[in-house]
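Chemist: take a look and give me a structure for this.
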Amino acid sequence: MPAPLLLVLLALGTLTPLALGWTLVWPARPWRDEFAGALALIGFAALLLDFVLSGRFRAVSGSAGIDRTMRWHQLAGRILAALLLLHPFFYSLPDGPAFHRPDDPTHAAWLGLGGAAIVTGMLAWFLLALLIITAIRRDDLPYCYETWRGMHGLTALLIVGLGLHHALAAGRYAAHPAVASALWSLAGLALLTLVWVYIIRPLSLSHRPWRIASISSAALHTWEVVLEPVGHGGLRFQAGQFAWLKLDRGPFARREHPFSIASAPSEAGRLRFLIKEAGDFTRSVGALPHGARAFVDGPHGHLVVKDRPEPGLAFLCGGVGVAPALAILREEAGRSTPRPMLLLYGNRVATQILAREELDGLSAASRLQVVHVLGEPSPGWTGETGLLDAAVIARHCEAAARAGWLFVLCGPPPMLREARRGLRALGVPRTRILEERFTYG
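Modeler: Residues are numbered from 1 along each chain as shown. Down below sits the predicted model:
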């Protein structure tokens, strides 16, 4: 789904309950109470729709990219939390049926906070505050990402249930059938995303198993894992995309990790992944048994150049971030008329360079120029040294920038920031920069 269309649909869904309330429920309350009600309805509708952004749905992420939709999920979560946490403090009307008047059938002059409604509202309020704090401080928590993710989803589901009861029991606008129906529909959509993620998707994966065909050392602290399909035709993907892997685990296992597909789509059946040792799981990859089962959730990602019209391709990669570039380079090299290409490839030491011989071969056989950048070069190194920074980019990418090439970025966040800065200095517009991140800070 195109990013502008996705944003428009999310905005319409977020504003629909409030628009129905303002249209159908009269008279209006004092401005402070109307403002508080608007914060509550907008915030709760946004909370329900935020489930859609977090579920890795290809129909949703589409051309926007899953990394971008995940950042939208984080940003929307912080904004909607602020709206919901602040809204109780703006109410000015008295609370309780003692203030009810016969000439006030819509309860415009008093609040409807009954015993159960105030309890569910307070519980939802405190759980939402906890949800946001633990999300922001996720890296500082004393448990693994999978545990946090499960707790995050469960807490969000509890907030939905408590918040829905509070809105329907205490909300003046939500008492109208049309507004209530809108909230129930959004809540049903949120629940459906959880059912899809935790039940339907794993069931689908269980019918398309893979096995580990080989594991080999690809470079210093980096492994190449090759998967082959079992009983099916494999995965249809485009060069530059990635997948979430469950290795030596069942389809319902919570622990999964995103890795770029390093093989080209033309390589029949098998998938290749380059995995750097960076944590508890990745440090154990080399010990995974050959023949162990695996499950592949993909393809995902928008780092795709196949249908791009630019006359040339420039890749700015750091470390294992070269994996999607390798897939694209392999695919481009197989074309009858490959485009001219440039690869700026940064590593700390030479032994970390991935597919060095293959890159040398591609450079000799196709229209590819490879520039290695080493942070700690060994004696006798004659290539670029230091970081893949704006100065290096200016030296090697100025002609490509003037010629209207497409720039593809993949690497650690500091490198990506420096690469964007260098390309901006060369006048490269955002429309000619493709990048993807696997960390969402």
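
Chemist: okay, now the unreliable bits of this protein?
Modeler: 63, 96-98, 100, 102-105, 438-441 (pLDDT under 70).

Chemist: where do the helices sit along it?
Modeler: Counting by DSSP state H, the segments of the chain that form helices are 3-24, 31-53, 58-61, 66-86, 115-136, 145-170, 177-195, 201-206, 323-333, 356-365, 390-402, 413-425.

Chemist: need these in a markdown table with distance to Gly279 and mean neighbour count, can you?
Modeler: C-beta here means a position set from N, CA and C on the backbone, and glycine is covered the same way. Formatted as a markdown table, those follow (distance: least, Cβ to Cβ, whole Å; neighbours: other Cβ atoms under 10 Å):
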| stretch | distance to Gly279 | mean neighbour count |
| --- | --- | --- |
| helix 3-24 | 31 | 16 |
| helix 31-53 | 25 | 22 |
| helix 58-61 | 25 | 15 |
| helix 66-86 | 19 | 18 |
| helix 115-136 | 20 | 16 |
| helix 145-170 | 9 | 18 |
| helix 177-195 | 26 | 17 |
| helix 201-206 | 23 | 15 |
| helix 323-333 | 17 | 24 |
| helix 356-365 | 25 | 14 |
| helix 390-402 | 29 | 18 |
| helix 413-425 | 16 | 17 |
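
Chemist: for Pro94, which of those helices is the nearest?
Modeler: For the helices of the chain, proximity to Pro94 was assessed by Cβ to Cβ; helix 31-53 is nearest, at 10.7 Å.

Chemist: from memory Cys123 sits against Leu162, does it?
Modeler: Careful, residue 123 is Leu; it's not Cys. Yes. Assessed by Cβ atoms under 8 Å, Leu123 is found in contact with Leu162 at 5.1 Å.

Chemist: pop the domain breakdown of the protein in here.
Modeler: 3-205, 212-300, 313-435 (automatic domain parsing).

Chemist: just give me how far the last one sits from the chain centre.
Modeler: If I follow you right, that is domain 313-435. 24 Å (Cα atoms, centre = their mean, to the nearest Å).

Chemist: again, but for the second one
Modeler: Here the centre of domain 212-300 is set off from its chain's centre by 19 Å, with Cα atoms, centre = their mean.

Chemist: can you get me the start-to-end distance on stretch 402-413?
Modeler: Terminal residues of stretch 402-413 are spaced 26 Å apart (Cα to Cα, to the nearest Å).

Chemist: kindly report the same for stretch 242-258.
Modeler: 7 Å.

Chemist: for stretch 303-313, same thing?
Modeler: 12 Å.

Chemist: buried residues, it. List them.
Modeler: Neighbour counts over stretch 303-313 (16 or more other Cβ atoms under 10 Å) mark Leu303, Val304, Val305, Glu310, Gly312, Leu313 as buried.

Chemist: wait, doesn't the fifth one sit right on Ala403?
Modeler: Think Gly312. Yes. The pair Gly312 / Ala403 is scored as a contact, 6.2 Å apart, by Cβ under 8 Å.

Chemist: now for the two: what residues contact both?
Modeler: Common neighbours of Gly312 and Ala403 (criterion: Cβ atoms under 8 Å, 6 or more residues apart in numbering): none identified.

Chemist: so which of the buried residues of stretch 303-313 belong to strands?
Modeler: Among the buried residues of stretch 303-313, DSSP state E puts Leu313 in strands.

Chemist: with distance to Val179 added, can I get the buried residues of stretch 303-313 in a markdown table?
Modeler: Shown next, in a markdown table, are these (distance: Cβ to Cβ, whole Å):
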| residue | distance to Val179 |
| --- | --- |
| Leu303 | 42 |
| Val304 | 42 |
| Val305 | 46 |
| Glu310 | 49 |
| Gly312 | 54 |
| Leu313 | 51 |
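
Chemist: can you tell me which of the buried residues of stretch 303-313 is nearest Val373?
Modeler: Nearest to Val373 among the buried residues of stretch 303-313 is Leu313, at 18.1 Å by Cβ to Cβ.
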